[in-house]
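kindly generate the corresponding structure for this input.
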Amino acid sequence: MSEAPTINMAEFDPKDLALEDIDIAQRSLWIEDKKMAFFERLRDEAPVHFCKDSEFGPYWSVTRYKDIMEVDGNWQDFSSEPAITIVEPEEDFPLPMFIAMDPPVHDDQRKTVQGSVAPANLKLMEETIRARTQKVLDDLPVGEQFDWVDRVSIELTTQMLATLFDFPFEDRRKLTRWSDVATGDEESGIVESEEARQAELYECLEYFTNLWNERAERGESNDLVSMLAHGEATKDMSPQEYLGNLILLIVGGNDTTRNSMTGGVWALNQNPGEYAKLRNNPGVIPNMVSEIIRWQTPLAHMRRIANKDYELGGQTIKAGDKVIMWYLSGNRDERSIENPNEFIIDRPKARQHLSFGFGVHRCMGNRLAEMQLRVLWEEVQKRFHMVEVIGEPERVPSNFVHGYTEMQVVLHPH
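Prediction:
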C-alpha cells in the first residue's frame, strides 16, 4: 500500500483545510512563517486538536493559554519523560536530562545547578555582562550592513554561557555549534545525518568530561560543571545523563536568549511607533524585555505524555498520547491576552506570558535572560538612534526553536 501524499500546509489558507488534516508541526509552516493563521483557527475551532498523522507520529495540540497552564502545571498526569520536544528520542542515543524527568529526580538535579542563577549571583554577573555588551556593541560597524545574529546575539549569549560553565573563552563558539547540533536534524541543514549529529555531541561530551575531571579534583566552585561534579544528586550521573544535562543547559542558555535578542530588533522594526516610544522613554526597557520574550516565544513548544486518560477542552486524551503545548499559540491567545498580536512595549502585565513555561519546569534562567536583554537594550539605546533591519530575516527551520539564523542590519548613530 503506497503512502498518501503529504499536503504542503504552507500552500493553503487554513480555512480551506478540514480540521483533521491540519498538522501544525509541519516544517513548511515554520520555514515560511505561515503558522500563526493556523494556530488562530485551532484556538477558535479545535483548541485541543488531534493530528493523527505527521512525520512525528500522532499528537495532540494544546493551543489556548489556560489549557496550556493546566497541562504544564500538572506533572502528575502529564509526564515530561522521555523528551520535551515533538521529535521522538533516538532509541540507541538516549539523552536523559532533568527537564525531561519528573519529580523527585527532576527537583533534586535542578536544585544542584539552580544556585548559578540565584539573585545574589545575578547581581555579581551584571557588571561582567554590561562590560561585555559594551565591548561587543563598540566593535560594530556604524552605517555598514552586517549580520546581527552572528555579531551580537550569538556572541553575547555564547560569552555568557562560557562564563556560566567557566568554559575556555577562546573555544566558546563550540557551545553555539553544539546547541545548534543538539536541536537540529538532517532536515534542518545543520547536520548531514543522525550519525554525524551523535558524533559531534560525543565530542561535546569528551570536552566537558575533561572539564568535569578537572573540577571534581579542584573542589567546589560556582560554575555549572563544578556544581554538577560535586552535587549529591548529579555526581554519579552516567555519561549520557551528563551529556543530556549539558545540552539542556547549553540550549536553555543559548537559543532562547539569542533569538529574543534578534526578535526584539525585528519587532521594533515592524512597529516604528513602539521604537519611537522606546527612544522617548528608555525606562520602559524592563517591561519591553518581557514583551519581546512573549512576542518572540523563543521555544515554540514543549511536549508531555499523558499518564492516564484526561479530559481537556471537551476531548479525551488517552493514556500514552503525546501532548504538545504550543507556547507560541498560548502567547497569542485573545482569550487571555489583550491584543496579543500587537507588539506593545509598555503592555500592562507583560510578564504574564508562557515563554518560560509554568509549574515545576518553569525556566530556571528566566531572570538571567531578562537581565541580559535589559542590559543589551540599555546599551543599544545609549549608542544608536536605530538598529535598522535590511530585508527579511532568515528563520530557523524548526517547530521547536523559534528563531533566526541571519538578520542583516545597519546601525544609525544618534
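
tell me the helices and strands packed up against the helix or strand where residue 136 lies.
Using DSSP states H and E, the element containing residue 136 is helix 119-138. Here helix 119-138 is seen to pack against helix 155-165, helix 366-383 when contacts are counted using 3 or more C-beta pairs under 8 Å, 6 or more residues apart in numbering; DSSP states H and E. Bear in mind the C-beta positions are built from the backbone N, C-alpha and C, glycine included.

okay, the ones you listed in CSV with mean pLDDT and distance to residue 39 next?
Shown next, in CSV, are the helices and strands packed on helix 119-138 (pLDDT from 0 to 100; distance: least, C-beta to C-beta, whole Å):
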stretch, mean pLDDT, distance to residue 39
helix 155-165, 90, 27
helix 366-383, 94, 23
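
ranking the ones you listed by burial, who's on top?
Mean neighbour count (mean count of other C-beta atoms under 10 Å) peaks for helix 155-165 among those, with a mean of 22.

for residue 68, which of the helices and strands packed on helix 119-138 is the nearest?
Within those, the stretch nearest residue 68 is helix 366-383; the backing value is 16.7 Å (C-beta to C-beta).

check which element follows the closest one along the chain.
Assignment by DSSP H and E places the next element after helix 366-383 at strand 384-389.

circling back to that earlier point, next SSE downstream of the helix holding residue 136?
strand 146-147.

dihedrals phi and psi, the closest residue to residue 308 other than its chain neighbours?
Of all residues not flanking residue 308 in the chain, residue 319 sits nearest, at 4.9 Å (C-beta to C-beta, 6 or more residues apart in numbering). Dihedral angles of residue 319 (phi, psi; degrees, to the nearest 10) stand at phi -50, psi 130.

what do you get for residue 406?
Here is the backbone geometry of residue 406 (degrees, to the nearest 10): phi -160, psi 140.

the nearest residue to it once chain neighbours are set aside: neighbouring residues, count only.
Counting by C-beta to C-beta, 6+ apart, residue 394 is the residue found nearest to residue 406 once chain neighbours are left out, at 4.1 Å. Number of residues near residue 394 (other C-beta atoms under 10 Å) recorded here: 14.

do the same with residue 336
Neighbours of residue 336 under the rule other C-beta under 10 Å: 17.

using the three-state scheme, assign it.
Of the three states, residue 336 takes coil under DSSP: H, G, I helix; E, B strand; the rest coil.

now for the closest residue to it other than its chain neighbours: which residues touch it?
Nearest residue to residue 336 in three dimensions, chain neighbours excluded: residue 65, at 3.6 Å (C-beta to C-beta, 6+ apart). Applying C-beta atoms under 8 Å, 6 or more residues apart in numbering to residue 65 gives the contacts 330-331, 333, 335-337, 354.

ok, residue 37 next?
Counting by C-beta under 8 Å, 6+ apart, residue 37 touches 13-14.

part of a strand, is it?
No. According to three-state DSSP, residue 37 belongs to no strand; its state is helix.

tell me which of the contacts of residue 65 is nearest to residue 26?
Using C-beta to C-beta, residue 330 is the member of the contacts of residue 65 that sits closest to residue 26, with 19.5 Å.

neighbours of that closest one, how many?
Residues near residue 330, counting by other C-beta under 10 Å: 30.

centre-most residue in the protein?
Central residue of the chain (C-alpha atoms, centre = their mean): residue 299, 3.2 Å from the mean position.

check contacts around that one.
Counted by C-beta under 8 Å, 6+ apart, residue 299 has contacts 255-256, 327, 355, 400-402.

may I have the beta-bridge partners of it?
Beta bridges link residue 299 to residue 401, judged by DSSP bridges.

wait, residue 43 sits on residue 64?
Yes. In this structure residue 43 lies within contact range of residue 64 using C-beta atoms under 8 Å: 5.6 Å.

now do the shared contacts for these two.
329, 333, 335.

whichever of those end up buried, select them in ChimeraX.
Selection of buried members from these for ChimeraX, criterion 16 or more other C-beta atoms under 10 Å:
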select :329,333
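
would you format the helices and strands packed on helix 119-138 as CSV with distance to residue 146 included?
Below are the helices and strands packed on helix 119-138 laid out as CSV (distance: least, C-beta to C-beta, whole Å):
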stretch, distance to residue 146
helix 155-165, 12
helix 366-383, 14
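
residue 144: which of these is closest?
Comparing the helices and strands packed on helix 119-138 by C-beta to C-beta, helix 366-383 comes nearest, at 14.9 Å.

and the contacts of that closest one?
117, 119, 122, 125-126, 129-130, 133-134, 137-138, 152, 156-157, 160, 253, 256-257, 260-261, 264, 278-279, 282, 285-286, 288-290, 292-293, 356, 363, 387, 411, 413-414.

again with stretch 82-92
Residues from elsewhere that reach stretch 82-92, judged by C-beta under 8 Å, 6+ apart: 25, 56-57, 59, 94-96, 99-100, 183, 185, 194, 198, 301-303, 322, 324, 399-400.

before we move on, back to that, out of the contacts of helix 366-383, which end up buried?
Here, 16+ other C-beta under 10 Å leaves 117, 122, 125, 129-130, 133, 137, 152, 156-157, 160, 253, 256-257, 260-261, 264, 278, 285, 288-290, 292-293, 356, 363, 387, 411 buried among the contacts of helix 366-383.

show me what the helix or strand bottoming out on mean pLDDT in the chain is packed against.
The helix or strand of the chain with the poorest confidence is helix 105-114; it has a mean of 82 (mean pLDDT, DSSP states H and E). Contacts defined by 3+ C-beta pairs under 8 Å, 6+ apart place helix 105-114 against helix 224-230, helix 239-270.

any chance of the ones you listed in TSV, plus mean pLDDT and distance to residue 14?
Output for the helices and strands packed on helix 105-114, formatted as TSV (pLDDT from 0 to 100; distance: least, C-beta to C-beta, whole Å):
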stretch	mean pLDDT	distance to residue 14
helix 224-230	89	42
helix 239-270	90	22
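
reformat those helices as CSV; add distance to residue 17.
Converted to CSV, those look like this (distance: least, C-beta to C-beta, whole Å):
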stretch, distance to residue 17
helix 224-230, 45
helix 239-270, 27
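
for residue 307, which of these is the nearest?
When these are compared by C-beta to C-beta, helix 239-270 sits nearest residue 307, at 21.5 Å.
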